[in-house]
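J.: coords please:
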Amino acid sequence: MERVASLADEAATVALAQAIAAVARPGDVIALAGDLGVGKTRFARAFVDALTGEREEVPSPTFTLVQTYESSAGTIWHFDLYRLSRSDEAYELGIEEALADGISLIEWPDRAAPLLPDQRLDLTLAFAAAPNARTARLVGRGSWADRLTGLFPNG
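T.: The predicted model follows:
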């Protein structure tokens with residue numbers, strides 16, 4: 001299941017993150033791809049805020065590589081794999097535990113592609129023509145296909 005959404009501004013990115021957070025559950029993987037500065041961390045920040053119910057300090061984990069947040073839906077793991085040179089380095093970050101029972105937001109998922117489960121949501125953000133606009137390409141695999149249909153009932 002694939003959907004493309006036009007995001008007119010940052011508020012639209014936040015709304016998309018909130019909608020996806022509303023249907024997320026433990027064991028989910030959301031693979032966030034896109035160029036530097038396209039809004040992956042902004043999406044993650046809005047996603048975490050939606051599930052924790054408060055404004056969390058959600059820094060880009062570029063240097064820490066992973067941050068965790070407790071929510072009523074379970075532990076949210078926010079990975080930034082940009083600095084990994086080999087996919088197996090993700091084991092040192094706790095990716096096995098995250099994939100087993102957490103909700104995983106993974107920036108730069110291509111760096112750990114062999115470790116990612118088949119059932120996941122691939123979300124690719126891209127710059128659009130308007131200054132603050134973005135395009136989101138969502139590919140739902142496994143149960144995410146049905147959840148995307150629920151989020152985008154009219155196409």
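J.: strands of this protein, start to end?
T.: With DSSP state E, the ranges of strands along the chain come out as 2-7, 29-33, 66-71, 74-80, 103-107, 121-127, 134-140.
J.: winner for burial among those strands?
T.: strand 103-107 (a mean of 27; mean count of other C-beta atoms under 10 Å). Backbone N, C-alpha and C define where each C-beta goes, glycine included.
J.: quick one: mean pLDDT for that strand?
T.: Mean per-residue pLDDT for strand 103-107: 96.
J.: leaving out sequence neighbours, find the closest residue to residue 118.
T.: If you skip the residues right next to it in sequence, residue 118 has residue 141 as its closest partner in space, 5.9 Å away by C-beta to C-beta, 6 or more residues apart in numbering.
J.: quick one: that neighbour and residue 133, what's the gap?
T.: 26 Å (C-beta to C-beta, to the nearest Å).
J.: same thing with residue 29?
T.: Distance, residue 29 to residue 133, using C-beta to C-beta: 27 Å.
J.: contacts only, for residue 55.
T.: Listed by C-beta atoms under 8 Å, 6 or more residues apart in numbering, the contact set of residue 55 reads residue 49.
J.: ok, now with 10 Å
T.: By C-beta atoms under 10 Å, 6 or more residues apart in numbering, residue 55 lies in contact with 45, 48-49.
J.: if we can go back for a sec, now distance to residue 115 too, for the strands of the chain, in TSV please.
T.: Shown next, in TSV, are the strands of the chain (distance: least, C-beta to C-beta, whole Å):
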stretch	distance to residue 115
strand 2-7	23
strand 29-33	10
strand 66-71	14
strand 74-80	11
strand 103-107	9
strand 121-127	14
strand 134-140	18
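J.: count of neighbours near the residue nearest to residue 118?
T.: The tally of other residues near residue 141 (other C-beta atoms under 10 Å) stands at 17.
J.: I'd say it and residue 117 touch.
T.: Yes: between residue 141 and residue 117 there is a contact under C-beta atoms under 10 Å: 8.5 Å.
J.: pull up the overlap in contacts between those two.
T.: Counting by C-beta under 10 Å, 6+ apart, the shared contacts of residue 141 and residue 117 are 29, 31.
J.: just for this protein, where's the confidence low?
T.: Residue ranges of the chain with pLDDT under 70: 56, 58-63, 153-155.
J.: ranges for the helices of it?
T.: Ranges of helices within the chain are 10-23, 40-52, 95-101, 143-151, based on DSSP state H.
J.: measure residue 13 to residue 123 for me?
T.: For residue 13, the distance to residue 123 - C-beta to C-beta - is 11 Å.
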